[in-house]
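**Q** For reference, the sequence and a predicted model appear below.
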Amino acid sequence: MLTYKNPVYSKYFADPYVWKHDGKYYAVGTGPLGTNDHTVQDEDLSSSDFQGEERAIPVLTSDNFVDWKFAGGALRVPPDLKHKPFWAPEVAFHKDHFYLYYSTAMEGLRHMLRVAKSRFPDGPYEDLGRLIGDTHDCPFAIDGHAFLDDDGQWYLFYARDFLNQEGGANAGTALVVDRLNGMTKLAGEEKVVLRSKCNWQLFKAQREMYGKIWDWHTMEGPCVRKRNGLYYCFYSGGCYENDTYGVDYGVAENVMGPYSDEGNESGPRVLKTVPGRVPGPGHISIVNGPDDQTEYMVYHAWDIEMKSRLMCMDKLEWTDNGPRCAGPTWTEQNISVPEMAGLRD
């Protein structure tokens, strides 16, 4: 029986996205390249020299889902993005190529989503340009998540800012979805997935944004799973800088919505802080474990001193009350491996 103990990687690695390809696990995340420093600030997460060229976005690999090692920088940094911070990458595999969706900050509130392409899971990825963001209509876009539906159509879920407060929604960052054309372009059919309506999703009260003062709420980090004909859009809400951060979900009968996350008024239902043990868990990805059956939720959480965000994982459980994470855990946990599957069935 394989075991693990959170965090599963000891260095700064936020917004972890994990996938399995040809029997090997890969992870990309927000973080620096090849440093032992745990106390990294988000504004410091820029590109750096790696093997003679400027790279960004750290890659980890694992042969067993438990032991992770640094494997370099995924993205060849475009000349016009040198020394910019790179956040929240995710990867999709389509027709023998890997597509890296990532966000980068420009000036002030301007953030954009971009896409890059590679023949190999660990890169290098070559940038193909901007998908959305850094425009008058959408100055801020982050956290791209590509989802493949049963009919072969890809969609991109992401987070962007809203200032209107129609229908009781709060001003702040919230979730939308659009159809992808050929993995590298959006169809221009953007639909709202979820808007914040809960107090626990507050990022910061009286925050100055876009020339005004707002009680700013945040929903970000979408991650979608289809189960029994329903679409579950997991998201992280609250403030990632403290213990209000947690994971909840909305559910819909159609991939483009409408979605509902009713029932979460008192706090996140899937994953939340364990006081004194695991602060601020969130920004998840979902992947099958070594038995190719058990689903795991991979996420980041702060260390107890709140100095570094580290990669963790725990089982995803589907209950009568909806999806729940069996964590966050901080003690040794068991993982089923392939030869155990027959004994369990």
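**A** On my side now, so go ahead.
**Q** Tell me how far whichever strand or helix holds residue 60 lies from the chain's centre.
**A** Following DSSP states H and E, one finds residue 60 within strand 53-62. Computed by CA atoms, centre = their mean, to the nearest Å, the chain-centroid distance of strand 53-62 equals 16 Å.
**Q** so what does it touch, helix or strand wise?
**A** Where contact means 3 or more CB pairs under 8 Å, 6 or more residues apart in numbering; DSSP states H and E, strand 53-62 is packed against strand 24-30, strand 48-50, strand 69-76, strand 86-94. Using the backbone N, CA and C atoms, a C-beta is placed for each residue, glycine as well.
**Q** Only alpha carbons, please: show that strand as PDB.
**A** C-alpha atoms of strand 53-62 as PDB (Å, rounded to 0.1, in the frame of the first residue of the first chain):
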ATOM      1  CA  GLU A  53      16.900  30.300 -22.200                       C
ATOM      2  CA  GLU A  54      14.200  32.100 -20.400                       C
ATOM      3  CA  ARG A  55      11.500  29.800 -19.000                       C
ATOM      4  CA  ALA A  56       8.500  30.200 -16.800                       C
ATOM      5  CA  ILE A  57       6.000  27.900 -15.100                       C
ATOM      6  CA  PRO A  58       7.500  25.000 -13.000                       C
ATOM      7  CA  VAL A  59       6.900  21.400 -14.000                       C
ATOM      8  CA  LEU A  60       7.000  18.500 -11.600                       C
ATOM      9  CA  THR A  61       6.900  14.800 -12.500                       C
ATOM     10  CA  SER A  62       6.200  11.600 -10.600                       C
END
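**Q** Adjacent strands (with direction) for that strand?
**A** With DSSP bridges as the test, strand 53-62 is paired with strand 24-30 (antiparallel), strand 48-50 (antiparallel), strand 69-76 (antiparallel).
**Q** List the buried residues in the last one.
**A** Using 16 or more other CB atoms under 10 Å as the test for burial, strand 69-76 gives 70, 71, 72, 73, 74, 75, 76.
**Q** would you turn the helices and strands packed on strand 53-62 into TSV with distance to residue 140 and mean pLDDT?
**A** Formatted as TSV, the helices and strands packed on strand 53-62 follow (distance: least, CB to CB, whole Å; pLDDT from 0 to 100):
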stretch	distance to residue 140	mean pLDDT
strand 24-30	16	97
strand 48-50	25	64
strand 69-76	21	95
strand 86-94	12	97
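**Q** So which of these is nearest residue 312?
**A** strand 24-30 (11.8 Å; CB to CB).
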